[in-house]
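1. Structure for this input, please:
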Amino acid sequence: VQLVESGGGSVQAGGSLRLSCAVSEYILSSYCMGWFRQAPGKEREGVATIGRDSATSYAQSVKGRFTISKDNAKNTLYLQMNSLKPEDTAMYYCAARPLYSCYVGSSFDYWGQGTQVTVSS
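-> I've put the predicted structure just below:
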């Protein structure tokens with residue numbers, strides 16, 4: 001399973017970014033996919049997940065601001081991030097899990113290399 005993130009960058013508070021994760025063929029339709037983030041000195045936290053049935057779950061801190069989606073035909077996972085806050089600053093990772101159960105608290109088996117998001121006030 002290969003996962004390659006892109007789309008990170010620096011934005012001002014209130015701005016938007018869309019992260020993308022290029023995924024190996026056939027994975028999106030059969031795996032649980034997730035976005036995670038890790039800020040310096042903090043533990044990694046789950047941000048959002050999307051199951052093979054397209055059911056989604058979100059961390060409370062991003063509900064209403066972030067949207068996870070996928071395009072099976074393009075083999076790409078997305079994270080649309082709106083109303084960004086300085087506390088959203090972190091390295092963001094795409095992850096995959098070959099099981100049906102799919103929540104932000106689930107354990108994931110495959111990880112990308114990450115893309116940095118920096119939000120300035």
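
2. For G46, see how far away S106 is.
-> 8 Å (Cβ to Cβ, to the nearest Å). All C-beta spots, glycine's among them, are computed from the backbone N, C-alpha and C.

3. between those two, who's got more neighbours?
-> Taking neighbours as other Cβ atoms under 10 Å, S106 and G46 compare with G46 leading, 20 against 16.

4. Spatially, and excluding backbone neighbours, which residue is closest to that one.
-> Distance criterion Cβ to Cβ, 6 or more residues apart in numbering; nearest residue to G46, sequence neighbours excluded, is V104 at 3.2 Å.

5. Verify the stated contact: the one you found with T56.
-> No. V104 lies out of contact with T56 (Cβ atoms under 8 Å); the separation is 9.8 Å.

6. what touches both of these two?
-> Shared contacts of V104 and T56 (Cβ atoms under 8 Å, 6 or more residues apart in numbering): A48, T49.

7. ok, what's across the strand from C94?
-> When bridges are called by DSSP bridges, C94 pairs up with W35.

8. what helices or strands is the helix or strand encompassing Q116 leaning on?
-> In the assignment (DSSP states H and E), Q116 maps to strand 115-120. Judged by 3 or more Cβ pairs under 8 Å, 6 or more residues apart in numbering; DSSP states H and E, strand 115-120 is in contact with strand 9-12, strand 17-23, strand 90-97.

9. where exactly do the strands run in this protein?
-> Using DSSP state E, the strands found in the chain span residues 3-6, 9-12, 17-23, 32-38, 45-50, 56-58, 66-71, 76-81, 90-97, 110-111, 115-120.

10. want to throw these into TSV with mean pLDDT?
-> Formatted as TSV, the strands of the chain follow (pLDDT from 0 to 100):
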stretch	mean pLDDT
strand 3-6	98
strand 9-12	98
strand 17-23	98
strand 32-38	98
strand 45-50	97
strand 56-58	97
strand 66-71	98
strand 76-81	98
strand 90-97	98
strand 110-111	97
strand 115-120	98
